[in-house]
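Asks: Model the following, please.
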Amino acid sequence: MRPSNVAWSLAGLVAPLAVAALTLPALIEAIGMDRFGLLGLAWGLMGFAGLFDLGIGRAATLTIARMRGGGRTDQVPLVLRIALRMSLRAGLVGTALLALAVASGLHRHIRYPTALDAEVTLSACLLALTIPAQVVMATYRGVNEAFEQFRGISLVRIGLGVANFLGPFCIALYTQHLAALVGSLLLSRLLALYAYRRLANAHLKRHLAVIDPSADLAAAVDLRRQMLSFGGWFTLSCIVSPLITQSDRFFIGNLISTQAVATYTIPFEVVTQSLVVTGAISSVAFPNLSALYQSAPAEAAVVFRVWLRRVVTLMLAITVVIALALPTVLPLWIGPRLPAESVLVGQILCIGVFANSIGSMYYARLHAKGRADVTAKLHVVELPLFVITLYLLIGQYGVLGAAMTWSGRMVLDALLLALAPPDMAMAGEPRPGGHP
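Replies: Okay, the predicted model is just below:
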């Protein structure tokens, strides 16, 4: 696992933080706490777009990385064709479902000023259009990750991440209309999709022979079965995991108010951005370990242990510094508009961030071995515990209860992932010539 790949991956995740730090206070001032709370919900809903990925992007990464590890890259174009067809269909289903939810008035269960109803309805329609773009984008990104094209991936991520904050900020200079703010998010994702597609196709043309995907029906059926086997379990994670990681702000909006969502979202966005470090490492680790488990399992075990120790040491230092700095930095950054509870919310979330950083490494290892079923089953077990605890603690402690629940779930998840036996292969799958 080359440090340069980690550095590029980290750069793609870190750059948006500077833009967020510069723009969020002014954005809040320009659009007000209610609209910012709704924009926070829009960001959260885009996280739910992973629900409709069906694990296809991740399955494409695993399949292509294993082909690279085994020296079998002739079928990569076939994998891409299959993945694109499945992801586009899934994305369109997601659009239809969200449009149906809007038509039925489901969004009105969120407590927001009635004067914003037209803006919220139009914004929800625009969000529905982002789902196919996000899903297909994930497939192309998965192909690029399988070939460890992290420089190009990072450049696209930088652009997308910057636009995620800078887009609404620039729009807010001219209008506060929520649909215009959300429209900038849709545009940025369409541009990112185009860039990921160009990057993947350019690499395939340079390094792989073009084949006719319809020429080998048996190979296509087998590849589709393999991808659906992995992606099916990952789909379950895609359904459950966003419900766990994003539902806290929706519970807050329903049980308290959109202003309370802003109270929670501000420290949440600040603290969880530190996960870019682990995200950079685990995103590189997954395709790298997937290939190594095919060609050199013993080396894969060594690589995992080295990077796990680095993540633990680095993230412990980062989360401690953030927790100590929040009482000073957050009020200076946001100003007098900062709700009093936001600092303590952020400090509680730091515990969960540290646990999540550890869990993400074990998550990457399990997926590199093809064991998406393990993580999916754990998420299913965690979901009812999380929802019940979230409801009870929000009722008892407000936004502080939401932070406690989120961090507690991250600690539990990390423990369960670490305890999962590492020496496993998918049922019916040949084990590579050794075990870590």
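Asks: Please, where are all the helices along the chain?
Replies: For the chain, helices defined by DSSP state H occupy the ranges 3-47, 56-69, 76-103, 117-146, 150-172, 178-207, 217-255, 258-272, 276-295, 297-334, 342-368, 372-397, 399-419.
Asks: Kindly export the last one (C-alpha atoms) in CSV.
Replies: Which is helix 399-419. Only the C-alpha atoms of helix 399-419 are listed here, as CSV (Å, rounded to 0.1, in the frame of the first residue of the first chain):
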residue,chain,number,x,y,z
VAL,A,399,-29.2,16.8,21.0
LEU,A,400,-26.8,15.6,23.6
GLY,A,401,-28.6,12.3,23.6
ALA,A,402,-28.3,12.0,19.9
ALA,A,403,-24.5,12.5,20.2
MET,A,404,-24.3,9.8,23.0
THR,A,405,-26.2,7.4,20.8
TRP,A,406,-24.1,8.0,17.7
SER,A,407,-20.8,7.5,19.6
GLY,A,408,-22.1,4.5,21.5
ARG,A,409,-23.0,2.8,18.3
MET,A,410,-19.6,3.5,16.8
VAL,A,411,-17.8,1.9,19.8
LEU,A,412,-20.1,-1.2,19.6
ASP,A,413,-19.5,-1.5,15.8
ALA,A,414,-15.7,-1.3,16.2
LEU,A,415,-15.7,-4.0,18.8
LEU,A,416,-17.9,-6.3,16.8
LEU,A,417,-15.8,-5.8,13.6
ALA,A,418,-12.6,-6.4,15.5
LEU,A,419,-13.9,-9.6,17.0
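Asks: hmm, back to that, with respect to burial, which of the helices of the chain scores highest?
Replies: helix 56-69 (a mean of 26; mean count of other CB atoms under 10 Å). Every C-beta, even on glycine, is put in place using the N, C-alpha and C of the backbone.
Asks: Out of the helices of the chain, name the one with the poorest average pLDDT.
Replies: Among those, helix 217-255 carries the lowest mean pLDDT, a mean of 76.
Asks: and that one, what other elements does it pack with?
Replies: Judged by 3 or more CB pairs under 8 Å, 6 or more residues apart in numbering; DSSP states H and E, helix 217-255 is in contact with helix 3-47, helix 56-69, helix 76-103, helix 258-272, helix 372-397, helix 399-419.
Asks: Leaving out chain neighbours, which residue sits closest to the residue nearest in space to the middle of the chain?
Replies: Nearest to the geometric centre of the chain sits G47, at 6.4 Å (CA atoms, centre = their mean). Excluding its sequence neighbours, the residue lying closest to G47 (CB to CB, 6 or more residues apart in numbering) is Q246, at 4.7 Å.
Asks: A42 is in contact with the one you found, correct?
Replies: No. Using CB atoms under 8 Å, Q246 is not in contact with A42; the gap is 11.2 Å.
Asks: Would you tell me which of the helices and strands packed on helix 217-255 gets closest to A296?
Replies: helix 56-69 (8.5 Å; CB to CB).
Asks: quick revisit: export the helices and strands packed on helix 217-255 as a markdown table, with columns for distance to S184.
Replies: Compiled in a markdown table, the helices and strands packed on helix 217-255 are given as follows (distance: least, CB to CB, whole Å):
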| stretch | distance to S184 |
| --- | --- |
| helix 3-47 | 10 |
| helix 56-69 | 24 |
| helix 76-103 | 19 |
| helix 258-272 | 17 |
| helix 372-397 | 31 |
| helix 399-419 | 27 |
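Asks: Quick one: closest of these to A146.
Replies: It's helix 56-69; of those, that one is closest to A146 (CB to CB) at 3.5 Å.
Asks: Give me the angle between that closest one and helix 372-397.
Replies: Note on geometry: by axes from the mean of the first three to the mean of the last three CA atoms, to 10 degrees, helix 56-69 and helix 372-397 are set 140 degrees apart in direction.
Asks: Could you dump the helices of the chain into TSV and include distance to I110?
Replies: Below are those laid out as TSV (distance: least, CB to CB, whole Å):
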stretch	distance to I110
helix 3-47	7
helix 56-69	29
helix 76-103	12
helix 117-146	8
helix 150-172	19
helix 178-207	12
helix 217-255	5
helix 258-272	7
helix 276-295	29
helix 297-334	23
helix 342-368	20
helix 372-397	15
helix 399-419	15
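Asks: List the residues that contact S123.
Replies: Neighbour list for S123: L38, A42, L178, A179, L181, V182 [criterion: CB atoms under 8 Å, 6 or more residues apart in numbering].
Asks: Return the closest of these with respect to Y397.
Replies: Ranked by distance to Y397 (CB to CB), these are led by L38 at 23.7 Å.
Asks: my guess is that closest one contacts V120, does it?
Replies: Yes. Taking CB under 8 Å as the definition, L38 is a contact partner of V120 at 6.4 Å.
Asks: which residues are in contact with both of the two?
Replies: In contact with both L38 and V120: I110, Y112, L178, using CB under 8 Å, 6+ apart.
Asks: Kindly reformat the residues you listed as a markdown table containing distance to L400.
Replies: Shown next, in a markdown table, are the shared contacts of L38 and V120 (distance: CB to CB, whole Å):
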| residue | distance to L400 |
| --- | --- |
| I110 | 21 |
| Y112 | 22 |
| L178 | 28 |
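Asks: Now do the contacts for the spatially closest residue to C170 that is not a sequence neighbour.
Replies: Among residues not flanking C170 along the chain, S184 sits closest, at 7.4 Å (CB to CB, 6+ apart). For S184, the contact set (CB under 8 Å, 6+ apart) comprises A163, G167, P168, C170, I171.
Asks: Tell me the spacing between the second one and L187.
Replies: Distance of G167 to L187, given as CB to CB, to the nearest Å: 7 Å.
Asks: follow-up on the earlier one: so which of the helices and strands packed on helix 217-255 gets nearest S237?
Replies: Among the helices and strands packed on helix 217-255, if distance is taken as CB to CB, the winner is helix 372-397, at 4.6 Å.
Asks: re earlier: among the helices and strands packed on helix 217-255, which is nearest M227?
Replies: helix 56-69 (4.1 Å).
Asks: Tell me the gap between that closest one and the middle of its chain.
Replies: 18 Å (CA atoms, centre = their mean, to the nearest Å).
Asks: and that helix with helix 342-368, angle?
Replies: Angle between the axes of helix 56-69 and helix 342-368 is 50 degrees (criterion: the same axes, to 10 degrees).
Asks: Please put the alpha-carbon coordinates of helix 56-69 into PDB.
Replies: Provided in PDB are the C-alpha atoms of helix 56-69 (Å, rounded to 0.1, in the frame of the first residue of the first chain):
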ATOM      1  CA  ILE A  56     -22.300  -2.400  -7.200                       C
ATOM      2  CA  GLY A  57     -19.500   0.100  -7.000                       C
ATOM      3  CA  ARG A  58     -17.900  -1.800  -4.100                       C
ATOM      4  CA  ALA A  59     -18.400  -5.100  -5.900                       C
ATOM      5  CA  ALA A  60     -16.800  -3.700  -9.000                       C
ATOM      6  CA  THR A  61     -13.700  -2.600  -7.000                       C
ATOM      7  CA  LEU A  62     -13.400  -6.000  -5.400                       C
ATOM      8  CA  THR A  63     -13.900  -8.000  -8.600                       C
ATOM      9  CA  ILE A  64     -11.500  -5.900 -10.700                       C
ATOM     10  CA  ALA A  65      -8.900  -5.700  -7.900                       C
ATOM     11  CA  ARG A  66      -9.000  -9.500  -7.600                       C
ATOM     12  CA  MET A  67      -8.600  -9.800 -11.400                       C
ATOM     13  CA  ARG A  68      -5.500  -7.600 -11.100                       C
ATOM     14  CA  GLY A  69      -4.100  -9.700  -8.300                       C
END
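Asks: Perfect, I'm done here.
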